[in-house]
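Trainee: show me how the following folds:
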Amino acid sequence: MMILLVVVVCLLVFILVFQYSAKRVTKQDVTFWMSLAIVVLGNIAFGAVNWPVSFLMTAVGLPEIAVVILGFIISFCATSYVYLLMLKTNFWKASLIQIATLIISLILIFGLIAVISLF
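Mentor: Next comes the predicted model:
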């Protein structure tokens, strides 16, 4: 039950961060439900592209680090394409939204870890 609560809270925080990033980059106001749909579809696209690509690259015999890096790049492009389609913007703005969301999320995570480690 606690794990489900943590997942829901993380999803809500990520949605709010996504809304902020989308508003700053594209200058359009995205509703909460639209943000939820975009974040969920982006995560589905990330997984749906990453698993087969990683499996194929591993089966071919690429080193693990190459599989991780190429899988991340391909999944990043797939998620940016979902943002592009849902927000009706160009690919570069969609990628910028994703980068801004990632950076803000990492700052929040490391800030939370720093605060927790003080206690």
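Trainee: show me where pLDDT drops low in this protein?
Mentor: Nowhere does the chain drop to pLDDT under 70.
Trainee: please identify the helix or strand for K93.
Mentor: helix 91-118 (DSSP states H and E).
Trainee: elements contacting that helix?
Mentor: Packing partners of helix 91-118 (3 or more Cβ pairs under 8 Å, 6 or more residues apart in numbering; DSSP states H and E): helix 2-26, helix 64-87. Where you see a C-beta, it was placed from the backbone N, CA and C, and this is true even at glycine.
Trainee: how much does that helix deviate in direction from helix 64-87?
Mentor: Using axes from the mean of the first three to the mean of the last three Cα atoms, to 10 degrees, the inter-axis angle of helix 91-118 relative to helix 64-87 is 120 degrees.
Trainee: need the contact list for S54.
Mentor: V67, V68, G71 (Cβ atoms under 8 Å, 6 or more residues apart in numbering).
Trainee: I15: neighbour count?
Mentor: For I15, the neighbour count with other Cβ atoms under 10 Å is 21.
Trainee: and L96, by the same measure?
Mentor: Neighbour tally, L96, other Cβ under 10 Å: 19.
Trainee: helix, strand, or coil at D29?
Mentor: Of the three states, D29 takes coil according to DSSP: H, G, I helix; E, B strand; the rest coil.
Trainee: separation between the closest residue to it other than its chain neighbours and W92?
Mentor: Leaving aside its sequence neighbours, D29 sits nearest to K23 (Cβ to Cβ, 6 or more residues apart in numbering; 6.3 Å). Separation of K23 from W92 (Cβ to Cβ, to the nearest Å): 17 Å.
Trainee: ok, now L84?
Mentor: For L84, the distance to W92 (Cβ to Cβ) stands at 9 Å.
Trainee: please apply the same query to S80.
Mentor: Distance of S80 to W92, computed by Cβ to Cβ: 9 Å.
Trainee: show me which of these two is the more surrounded one.
Mentor: A side-by-side neighbour count of S80 and W92, using other Cβ under 10 Å, places S80 first with 21 against 11.
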